[in-house]
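> structure for the following, please:
(4 chains)
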Number of protein chains: 2
Amino acid sequence: MKNRLKSLRAERGWSQVDLAERLEVSRQSVIAIETGRYDPSLPLAFKIAELFDLAIEEVFTSPSKES
Amino acid sequence: MKNRLKSLRAERGWSQVDLAERLEVSRQSVIAIETGRYDPSLPLAFKIAELFDLAIEEVFTSPSKES
DNA sequence: TAGCCATGTAAAGGTACCTTCACATTGATG
DNA sequence: CATCAATGTGAAGGTACCTTTACATGGCTA
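Numbering: from 1, shown residues only, chains lettered A, B, ... in the order given. A predicted model of the protein is given here:
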């Protein structure tokens, strides 16, 4: 499942450590999500979307809509 | 994490089996989500929202916004 | 009453998510 | 060159998600 986390983070000039701290998760979780190793849980997806002031659908691409 | 799955399903007159088949998951998964035993994965949350033609935020309540 | 449908609990197995620790690579700066 | 920040991989442990199977309950109906 694709996501825009890496570019959203970059837009704000945040490091992975910065983002992990804001989300209150480990840096490994940030890496795993950014690199597509796995999807976040739904609660974490909410937290991510709220951090960037976006809808979940604006951060993550629905599996049914991936090219 | 709260959700409106049970009432959305009831509005359409679907049984848990009906819903499980439409979502292509087991009935146990439907029960677990409806009864709040656990949250769906993000891909399943997308599928649920799309089935009801709603945004994820309209089906599930953000943990940060629960009473 | 007997049978069916809908809902629910329980348990066990597999995979996904999240953690911590360790180590490697790259690029910028002293 | 030495060091530090940032990013990444790998492994191991715990919990969450999803599955299948089995069984229990309540409501409806023949």
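> so A:F52 sits against A:V59, correct?
Yes - in this structure, A:F52 is within contact of A:V59 by CB atoms under 8 Å, at 6.5 Å. (Each C-beta comes from the backbone N, C-alpha and C, glycine too.)
> higher neighbour count, these two?
A direct count of neighbours by other CB atoms under 10 Å in any protein chain shown for A:F52 and A:V59 places A:V59 higher, at 19 against 15.
> any idea which element the spatially closest residue to that one that is not a sequence neighbour lies in?
Once flanking residues are discounted, A:V59 sits nearest to A:A49: 5.2 Å by CB to CB, 6 or more residues apart in numbering or on different chains. Counting by DSSP states H and E, the element that carries A:A49 is helix A:42-51.
> cool, A:Q28 as well?
Assigned by DSSP H and E, A:Q28 falls in helix A:27-34.
> what about the nearest residue to A:K6 once chain neighbours are set aside, distance to A:E57?
Of all residues not flanking A:K6 in the chain, A:E34 sits nearest, at 4.6 Å (CB to CB, 6+ apart). Separation of A:E34 from A:E57 (CB to CB, to the nearest Å) stands at 18 Å.
> picking up where we left off before, what touches both of A:F52 and A:V59?
A:L8 (CB atoms under 8 Å, 6 or more residues apart in numbering or on different chains).
> report the contact partners of A:R4.
A:E58, A:V59, A:F60.
> again, only using 6 Å
Contacts of A:R4 were listed using CB atoms under 6 Å, 6 or more residues apart in numbering or on different chains, and they are A:V59.
> quick check: closest non-adjacent residue to whichever residue of chain A sits closest to DNA strand C.
Residue of chain A nearest DNA strand C, by CB to the nearest atom of the strand: A:Y38 (2.2 Å). For A:Y38, ignoring the flanking residues on the chain, the nearest one in space by CB to CB, 6+ apart is A:A32 at 5.5 Å.
> one more: A:L42?
Closest to A:L42 by CB to CB, 6+ apart is B:D39, at 4.5 Å.
> what is the three-state secondary structure of the one you found?
coil (DSSP: H, G, I helix; E, B strand; the rest coil).
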